[in-house]
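*Asks:* my questions concern the predicted model and sequence given below.
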Amino acid sequence: MPAIDLDRVGPGFADPVHDAQRVFRSLLTAMAEPGRIVTLDLPLVPPPGLSLAQCATLLTLADRDTPVWLAPSIDTPDVADFLAFHCASPRVGSPLGARFVVLPDLAQLPALDTLDLGDPAYPDRSSTLIVEVTELAEDGPLELQGPGIPDRRRLYAGGWSTATTRFAAANHAGFPLGVDLVLCCADALAALPRTCRITESTGASSCT
Amino acid sequence: MSQAGYNFAYLDEHTKRMIRRALLKAVAIPGYQVPFGSREMPLPYGWGTGGIQVTAAIIGRDDVLKVIDQGSDDTTNAVNIRSFFARVAGVATTERTREATLIQTRHRIPETPLAAGQVIVFQVPIPEPLRWLEPRETETRSLHALADYGLMNVKLYEDIVRHGRIATTYDYPVEVNGRYLMRPSPIPKFDNPKMHRNPALQLFGAGREKRVYAVPPWTDVRSLDFEDHPFAIERWDHACGLCGASDSYLDELITDDAGTRLHVCSDTEYCAARRAAGHQGDAP
């Protein structure tokens, strides 16, 4: 592994123990209530290429036991050195085999069959995708149903396309196999676990 | 302040990250048992080491913790776990179900309905619902992968053949989100309906068996049964002798050498709150 250039590595959590705990509780709430947007209130400066929410998620969950794959456009020395220094996560050359797949936008979602979907006997051994989106709003054309949702919940995610809906539908259809998505937008995040049924309504509901 | 010389909430950060990753996957796959690297805790297996590790991985400074053991806030297990977290995490504790943000429980779900935003952590001795029917882990894992739960239906059927009814009264098997067969931990079947579409997040930790699993809020939890033998909870001919409640799970106590019986709420906080509000039972 090449040496880490410490000049370009900024600080991680100001309070590693309690910041990680607060971010984890936000992630737990987000994963338990798909589509619910949680905002992280943290004094954290992410490296160029990652948003605050993406950076906080990795600092909270990634370590030497979790291989990470970075999409090519954010596979920069800034991000790589930050992760190497703060998380010590091994980097892998393809999304298959990565615990965390980090993407700068939804357009770069890899094909579902190139991702680690877990094993029928161990469906927990699948990747988690940490994806930046341009916008997150609690009302929008995406209609979510499933565990963690009282009836249905609406969501708008910037950059969501019909291809993303197809990806999500195929991911859900493979349950209990599948990947889980954490959508990040600056300091906010929402999760779409594999249990989530997502339909795109063409109704008049406005996207802010 | 937390205990000097220990990390906040006892566990080291590397262990917490590992448990946190397992918990997120558990929530994403409701009812599926996620293996985790259970640590040696400062109390023996069987005393709630799984629940304690789950609580330690999620608890924060702002949490208000309630711990119950068989519905009671003041039995040995509950008192010790509560004081453990008060010492190692410095968190506020309570006996009131409504005030708690985090509830760790051994073998009961409180009578007071849980609210959205609350988290309940169950201590689990044996997480595998098929374990007494199939001892091999490799086999039970395949049965879960194939959703082949015939064994459990045969077990319940044999109950009916022998006893005329489903004789399982606690740790009654449930199906979560229409997919995974799950052990609800040894709660009485009286509590099973409370798991169904509960607005709180339900987490389960088994320390000796090294598994965590979860039921997200508003998730379907169905107690297994048959059309001609539908699931039913326990009923009593008595109300609580102390608070007069007729809707709670009752313990039967023998109060003297003549065998006098007293039925009282198992949930001590619920009973005390009712008495404080002026309700009274018919106990002398």
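*Replies:* Received, thanks. Numbers count the residues shown, from 1 in each chain, chains lettered A, B, ... in the order given.
*Asks:* and the helices in chain A, which stretches?
*Replies:* Read by DSSP state H, chain A holds these helices, from start to end of the chain: A:16-32, A:52-61, A:77-86, A:162-173.
*Asks:* and those helices, which is most packed in?
*Replies:* Mean neighbours per residue, mean count of other CB atoms under 10 Å in any protein chain shown, is largest over the helices of chain A for helix A:52-61, with a mean of 26. Where you see a C-beta, it was placed from the backbone N, CA and C, and this is true even at glycine.
*Asks:* what angle sits between that one and helix A:77-86?
*Replies:* Counting by axes from the mean of the first three to the mean of the last three CA atoms, to 10 degrees, helix A:52-61 lies at 30 degrees to helix A:77-86.
*Asks:* mean confidence (pLDDT) on helix A:52-61, please.
*Replies:* In this model, helix A:52-61 has a mean pLDDT of 98.
*Asks:* that one near chain B anywhere?
*Replies:* Yes - Helix A:52-61 is in contact with chain B by CB under 8 Å from any CB of the partner chain, via A:Thr60, A:Leu61.
*Asks:* got the contact list for the residue lying closest to B:Glu134 once chain neighbours are set aside?
*Replies:* Nearest residue to B:Glu134, sequence neighbours excluded (CB to CB, 6 or more residues apart in numbering or on different chains): B:Thr140, at 5.2 Å. Residues counted as contacts of B:Thr140 (CB atoms under 8 Å, 6 or more residues apart in numbering or on different chains) are B:Glu128, B:Leu130, B:Arg131, B:Glu134.
*Asks:* ditto for B:Tyr172
*Replies:* Contacts for B:Tyr172 (CB under 8 Å, 6+ apart) come out as B:Pro184, B:Lys189, B:Asn192, B:Ser223, B:Leu224, B:Phe231.
*Asks:* just the closest of those to B:Ala277, please.
*Replies:* Among the contacts of B:Tyr172, B:Asn192 lies closest to B:Ala277 (CB to CB), at 27.4 Å.
*Asks:* so which residues make contact with the helix or strand the closest one falls within?
*Replies:* In the assignment (DSSP states H and E), B:Asn192 maps to helix B:192-195. Here helix B:192-195 makes contact (CB under 8 Å, 6+ apart) with B:Ile109, B:Pro113, B:Leu114, B:Tyr172, B:Val174, B:Pro184, B:Gln202, B:Val215, B:Val221, B:Ser223, B:Phe231, B:Ile233.
*Asks:* pipe the contacts of B:Tyr172 into a markdown table and attach secondary structure and pLDDT per row.
*Replies:* A markdown table is the format used below for the contacts of B:Tyr172 (DSSP: H, G, I helix; E, B strand; the rest coil; pLDDT from 0 to 100):
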| residue | secondary structure | pLDDT |
| --- | --- | --- |
| B:Pro184 | coil | 97 |
| B:Lys189 | helix | 97 |
| B:Asn192 | helix | 98 |
| B:Ser223 | strand | 98 |
| B:Leu224 | coil | 97 |
| B:Phe231 | coil | 97 |
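*Asks:* and for residue 123, the neighbour number?
*Replies:* Answering for chain A, as no chain was given. 23 (other CB atoms under 10 Å in any protein chain shown).
*Asks:* hmm, I had chain B in mind actually
*Replies:* B:Gln123 has 27 nearby residues by other CB under 10 Å.
*Asks:* give me phi/psi at it?
*Replies:* Torsion angles at B:Gln123 (phi, psi; degrees, to the nearest 10) stand at phi -90, psi 130.
*Asks:* give me the distance between the residue lying closest to A:Ala188 once chain neighbours are set aside and A:Gly10.
*Replies:* Nearest non-adjacent residue to A:Ala188, counting by CB to CB, 6+ apart: A:Thr39, 4.8 Å away. The spacing between A:Thr39 and A:Gly10, counted by CB to CB, to the nearest Å, is 21 Å.
*Asks:* confidence score at the residue nearest the centre of chain A?
*Replies:* Nearest to the mean C-alpha position of chain A, counting by CA atoms, centre = their mean, stands A:Ile130 at 2.0 Å. pLDDT for A:Ile130: 98.
*Asks:* do A:Met1 as well
*Replies:* Looking at A:Met1, its pLDDT is 59.
*Asks:* select, out of the helices of chain A, the one closest to B:Glu209.
*Replies:* That would be helix A:16-32 among the helices of chain A, by CB to CB, at 22.1 Å.
*Asks:* hmm, who's touching the closest one?
*Replies:* Looking at helix A:16-32 with CB under 8 Å, 6+ apart, the contacting residues turn out to be A:13, A:36-38, A:40, A:42, A:44, A:56-57, A:59-61, A:148, A:180, A:182, A:189-191, A:193, B:7-8, B:13, B:16-17, B:20, B:23-24, B:27-28, B:57-61, B:119, B:201, B:214, B:216-217.
*Asks:* out of these, which are buried?
*Replies:* Buried by 16 or more other CB atoms under 10 Å in any protein chain shown: A:13, A:36-38, A:40, A:42, A:44, A:56-57, A:59-61, A:148, A:180, A:182, A:189-191, A:193, B:7-8, B:13, B:16-17, B:20, B:23-24, B:27-28, B:57-60, B:119, B:201, B:214, B:216-217, out of the contacts of helix A:16-32.
*Asks:* quick one: contacts for B:Asp247?
*Replies:* With contacts defined as CB under 8 Å, 6+ apart, B:Asp247 is in contact with B:Glu111.
*Asks:* near chain B, which residues of chain A?
*Replies:* Within reach of chain B by CB under 8 Å from any CB, chain A has these residues: A:16-18, A:20-22, A:24-25, A:27-28, A:31-33, A:60-63, A:65-66, A:99, A:120-124, A:126, A:128, A:146-150, A:175-176, A:180, A:193-195.
*Asks:* where does chain A have low pLDDT?
*Replies:* Across chain A, the ranges flagged by pLDDT under 70 are A:1, A:202-208.
*Asks:* hang on, the earlier thing: farthest-apart pair in the contacts of helix B:192-195, please.
*Replies:* Greatest spatial distance among the contacts of helix B:192-195 (CB to CB): B:Leu114 and B:Phe231, at 20.9 Å.
*Asks:* who has more neighbours out of those two?
*Replies:* The neighbour comparison of B:Leu114 against B:Phe231 (other CB under 10 Å) goes to B:Leu114, with 21 against 16.
*Asks:* now that one: closest residue in space that isn't a chain neighbour?
*Replies:* Closest residue to B:Leu114 apart from its sequence neighbours, by CB to CB, 6+ apart: B:Ala200 at 3.7 Å.
*Asks:* so who does that neighbour touch?
*Replies:* B:Ala200 sits next to B:Leu114, B:Ala115, B:Ala116, B:Gly117, B:Gln118, B:Val119, B:Ile120, B:Pro217 when contact means CB under 8 Å, 6+ apart.
*Asks:* so what does the closest residue to the fifth one other than its chain neighbours look like in phi/psi?
*Replies:* This means B:Gln118. Spatial nearest neighbour of B:Gln118, chain neighbours left out: B:Ala200 (4.2 Å); criterion: CB to CB, 6+ apart. Backbone geometry at B:Ala200, expressed as degrees, to the nearest 10, gives phi -90, psi 160.
*Asks:* gap between B:Ala200 and B:Thr260?
*Replies:* From B:Ala200 to B:Thr260 the distance is 38 Å (CB to CB).
*Asks:* now swap in B:Gly71 and tell me
*Replies:* 22 Å.
*Asks:* among those two, which residue is more densely surrounded?
*Replies:* Neighbour tally, B:Gly71 and B:Thr260, criterion other CB under 10 Å: the higher count belongs to B:Gly71, 27 against 11.
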